[in-house]
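Participant: need coordinates for the following:
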Amino acid sequence: MNHNNTLHLIILQPTDVLFFRDGRPMEGSLPGYTAAWPLPNVINHALHAALHRAGVSKVHLHRHGRSGQYSDDRDRKFGCLATAGPFPLKIPNEKNNLSQIKWYLPRACDTQLSDSLKVTHLPVEGNWRETSSLPSPLKYAVASIVPPTKETTNKKWISSEAYHSYLTNSPDSLDPNDLLADSEIADLESTIGIAIDPSTGTTGHGETEGKFYIANYLRLRENFRMGVFAQAVDKEAGDLIQALFKDEPQSIIVGGHQRLCTAQSTDAPQPLPLPIGLHRKGDFNKLPTGKYAVKWVLLSPAIWPAIPENQSEGIKPHPGGWLPNWVCPDTGSVLLKAGNTDRQKDESRDAWRKRVRGLPAIHARLVAALVPKPIVVTGWALPNDADRPEGGAKSTHLAVPPGAVYYFEADSAEAAAELAAALNWHGDTDGIAIKTRRSTLLGEKGYGLGVCGTWQVYRPDRSDRSNPSH
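Facilitator: Alright, predicted model coming up:
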């Protein structure tokens with residue numbers, strides 16, 4: 001998503017409770033995880049469906065398919081849609097004054113104190129590969145550096161301003177409203193339902209006899225909204241977001257059960273109100289090994305699938321999962337390229353790929369990671385001639401959740417800056433554009449956004465243990 005005055009901020013206000021679920025069962029006491037904060041692809045699909053319902057015509061048509069298998073028919077619309085979000089927004093008044101909106105992001109996993117953003121987890125010095133089950137290619141284990149306690153923080157959201165304090169290791173200047181729990185943003189409402197046979201529309205007979213379920217609904221508090229960045233510049237129709245909204249609020253179906261949101265579109269503010277990651281040479285700590293420390297924190301989920309070996313195309317196998325596909329699974333070396341990897345205006349796709357392959361790799365490697373339990377991402381596909389003639393359930397993916405932290409060692413300060421430019425959502429800019437999405441799948445739907453900070457190895461037997469975050 002490159003900024004060219006076509007990036008829009010869409011503010012969604014639910015008119016009722018919202019229903020979000022994944023592919024896990026909703027039977028008996030299982031709620032199907034229906035009241036979690038919506039995943040990025042849910043909002044992307046809602047906008048995509050809204051464009052279809054609006055009847056926008058004379059647009060560029062794309063082919064159906066995936067993984068290199070495409071149909072010959074061009075009948076897919078709105079393939080240019082790219083989104084980022086949703087993120088919680090706190091509105092101080094009913095006029096939606098953009099200058100007073102407070103943005104919230106998922107909290108990083110290496111800060112676990114209830115009322116502070118002090119770093120509580122760091123990579124620990126030691127020969128961990130020989131003394132533990134640390135998976136390849138990691139070098140350090142990540143451990144808590146604060147005294148053990150049974151208390152855990154439930155404040156999982158931090159403001160964009162506080163995120164900047166966290167990234168720059170100055171976490172003491174916090175406002176009470178900078179840290180929020182889920183319950184301060186939305187309420188959870190539960191109902192009990194009776195299963196209905198979709199073929200007959202009846203209940204209490206056959207497969208649905210005696211089947212009940214619990215459904216959880218999300219009700220946003222009065223002064224909270226969902227904020228989404230969206231861009232859709234069609235080759236023929238131009239700005240599709242502008243064509244959809246026409247400077248007027250619109251009703252959009254979001255999630256399941258046909259729940260409506262009132263959506264309002266405006267030009268995205270500049271710079272974008274997301275945390276700016278470190279990206280200059282002097283921003284990164286020099287480690288005792290002589291390397292430079294880069295920390296990457298996910299702001300949105302990321303999906304890295306397992307990749308099978310393909311010798312004919314020179315593709316090596318990769319386990320995916322928690323490990324990014326752009327990290328070598330054997331050595332931890334970063335496989336991303338340094339330099340200008342953007343496709344130029346008159347550059348063909350083949351020429352662009354050939355030029356990027358010729359660029360030097362970034363001299364850095366992954367040495368530690370702090371990754372929570374995965375998020376289940378599922379979906380449903382309509383029939384198409386390319387790969388799903390009968391439609392049905394899409395593949396289930398396990399996404400790395402936002403807040404996951406990845407620790408890198410760069411060979412030089414210049415390499416650290418190159419790595420940060422490749423990982424920050426804003427690249428090496430000051431936040432004027434969403435340039436980078438490091439999820440292998442669903443990047444256009446808002447997966448893989450992240451920001452960079454720095455870190456220091458924790459040496460519990462050394463004199464610097466009293467100030468481990470600097």
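
Participant: quick one: contacts for the most far-flung residue of the chain relative to its centre?
Facilitator: No residue in the chain sits farther from the centre than His205, which is 42.4 Å out by C-alpha atoms, centre = their mean. The contact partners of His205, by C-beta atoms under 8 Å, 6 or more residues apart in numbering, come to Asp197. In short, each C-beta sits where N, CA and C put it, glycine included.

Participant: report the separation between it and Phe212.
Facilitator: According to C-beta to C-beta, to the nearest Å, His205 and Phe212 sit 15 Å apart.

Participant: for Val457, same thing?
Facilitator: In this view, Val457 and Phe212 are 53 Å apart by C-beta to C-beta.

Participant: could you dump the helix or strand hosting Val228 to CSV, C-alpha only?
Facilitator: Val228 belongs to strand 224-231 when assigned by DSSP states H and E. Provided in CSV are the C-alpha atoms of strand 224-231 (Å, rounded to 0.1, in the frame of the first residue of the first chain):
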residue,chain,number,x,y,z
PHE,A,224,-15.0,3.4,21.0
ARG,A,225,-14.8,2.7,17.3
MET,A,226,-12.9,0.5,14.9
GLY,A,227,-10.3,2.2,12.7
VAL,A,228,-9.2,0.8,9.3
PHE,A,229,-6.9,2.2,6.6
ALA,A,230,-8.1,1.3,3.1
GLN,A,231,-6.9,1.8,-0.4
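
Participant: mean confidence for that strand?
Facilitator: Averaging pLDDT along strand 224-231 yields 94.

Participant: who are the packing partners of it?
Facilitator: Where contact means 3 or more C-beta pairs under 8 Å, 6 or more residues apart in numbering; DSSP states H and E, strand 224-231 is packed against strand 8-14, helix 40-53, strand 82-90.

Participant: that older thread, what about the residue farthest from the centre of the chain, distance to Asp197?
Facilitator: Distance, His205 to Asp197, using C-beta to C-beta: 7 Å.

Participant: likewise for Leu220?
Facilitator: Distance, Leu220 to Asp197, by C-beta to C-beta: 33 Å.

Participant: and stretch 170-183, how far out from the chain middle?
Facilitator: Relative to its chain's centre, stretch 170-183 lies at 21 Å (C-alpha atoms, centre = their mean, to the nearest Å).

Participant: in it, which residues are buried?
Facilitator: Burial within stretch 170-183, assessed by neighbour count using 16 or more other C-beta atoms under 10 Å, is assigned to Pro171, Leu174, Asp178, Leu179, Leu180, Asp182.

Participant: which of those residues fall in helices?
Facilitator: Among these, DSSP state H puts Asp182 in helices.

Participant: have a look at Leu220 and Asp197 and say which one is more surrounded.
Facilitator: Leu220 (19 against 15; other C-beta atoms under 10 Å).

Participant: excluding chain neighbours, what is closest to that one?
Facilitator: Excluding the flanking residues, the one nearest Leu220 by C-beta to C-beta, 6 or more residues apart in numbering is Ala186, at 4.9 Å.

Participant: before we move on, back to that, which of Val457 and Phe212 has more residues huddled nearby?
Facilitator: Between Val457 and Phe212, counted using other C-beta under 10 Å, the more crowded position is Val457 (24 against 14).

Participant: you'd agree the more buried one is up against Lys286?
Facilitator: No. Counting by C-beta atoms under 8 Å, Val457 stays clear of Lys286, with 11.1 Å between them.

Participant: if we can go back for a sec, who does the helix or strand following the strand holding Val228 pair up with?
Facilitator: Downstream of strand 224-231, the first helix or strand assigned by DSSP H and E is strand 233-234. For strand 233-234, the paired strands and their directions (DSSP bridges) are strand 238-239 (antiparallel).

Participant: mean confidence for the strand it pairs with?
Facilitator: The average pLDDT for strand 238-239 rounds to 87.

Participant: and it, how far out from the chain middle?
Facilitator: With C-alpha atoms, centre = their mean, you get 26 Å for strand 238-239.

Participant: just the residues contacting the helix or strand just after it, thanks.
Facilitator: Going down the chain from strand 238-239, the next helix or strand is helix 240-245, by DSSP H and E. With contact meaning C-beta under 8 Å, 6+ apart, helix 240-245 is reached by 6, 8, 10, 47, 50-51, 54, 56, 59, 78, 80-81, 230-234, 237, 250, 263-265.

Participant: please pick the buried ones from those residues.
Facilitator: By neighbour count, with 16+ other C-beta under 10 Å, these hold 6, 8, 10, 47, 50-51, 56, 59, 78, 80-81, 230-234, 237, 250, 263-265 as buried.

Participant: got a list of what the residue nearest to Leu220 touches?
Facilitator: Contacts of Ala186 by C-beta under 8 Å, 6+ apart are Trp37, Leu218, Arg219, Leu220, Arg221, Phe224.

Participant: where does the stretch 351-470 of the chain have low pLDDT?
Facilitator: Residue ranges of the stretch 351-470 of the chain with pLDDT under 70: 381-389, 391-392, 462-470.

Participant: rerun that using 90 as the cut-off
Facilitator: 352-354, 356-358, 376-396, 428-433, 458-470 (pLDDT under 90).

Participant: that one: helices as residue ranges?
Facilitator: 413-423 (DSSP state H, counting those that start in this stretch).

Participant: check contacts around Gly85.
Facilitator: Applying C-beta under 8 Å, 6+ apart to Gly85 gives the contacts Pro40, Ile43, Met226, Gly227, Val228, Phe229, Ser300, Gly446.

Participant: which among those end up buried?
Facilitator: Among those, those classed as buried by 16+ other C-beta under 10 Å are Pro40, Ile43, Met226, Gly227, Val228, Phe229, Ser300, Gly446.

Participant: how many residues are close by Arg129?
Facilitator: If we define neighbours as other C-beta under 10 Å, then Arg129 has 15 of them.

Participant: picking that back up, distance to Leu105 and pLDDT added to the buried residues of stretch 170-183, as CSV?
Facilitator: What follows is the buried residues of stretch 170-183, written out as CSV (distance: C-beta to C-beta, whole Å; pLDDT from 0 to 100):
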residue, distance to Leu105, pLDDT
Pro171, 15, 61
Leu174, 14, 75
Asp178, 11, 89
Leu179, 11, 90
Leu180, 11, 90
Asp182, 14, 89
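
Participant: among the buried residues of stretch 170-183, name the ones in strands.
Facilitator: Those of these mapping onto strands are Leu179, Leu180, per DSSP state E.

Participant: which two from the buried residues of stretch 170-183 end up farthest apart in space?
Facilitator: Pro171 and Asp182 (21.3 Å; C-beta to C-beta).

Participant: contacting residues for Glu347?
Facilitator: Glu347 touches Arg355, counting by C-beta under 8 Å, 6+ apart.

Participant: element containing it?
Facilitator: Counting by DSSP H and E, Glu347 is held by no secondary-structure element, helix or strand.

Participant: quick check, pLDDT for it.
Facilitator: On the pLDDT scale, Glu347 is placed at 84.
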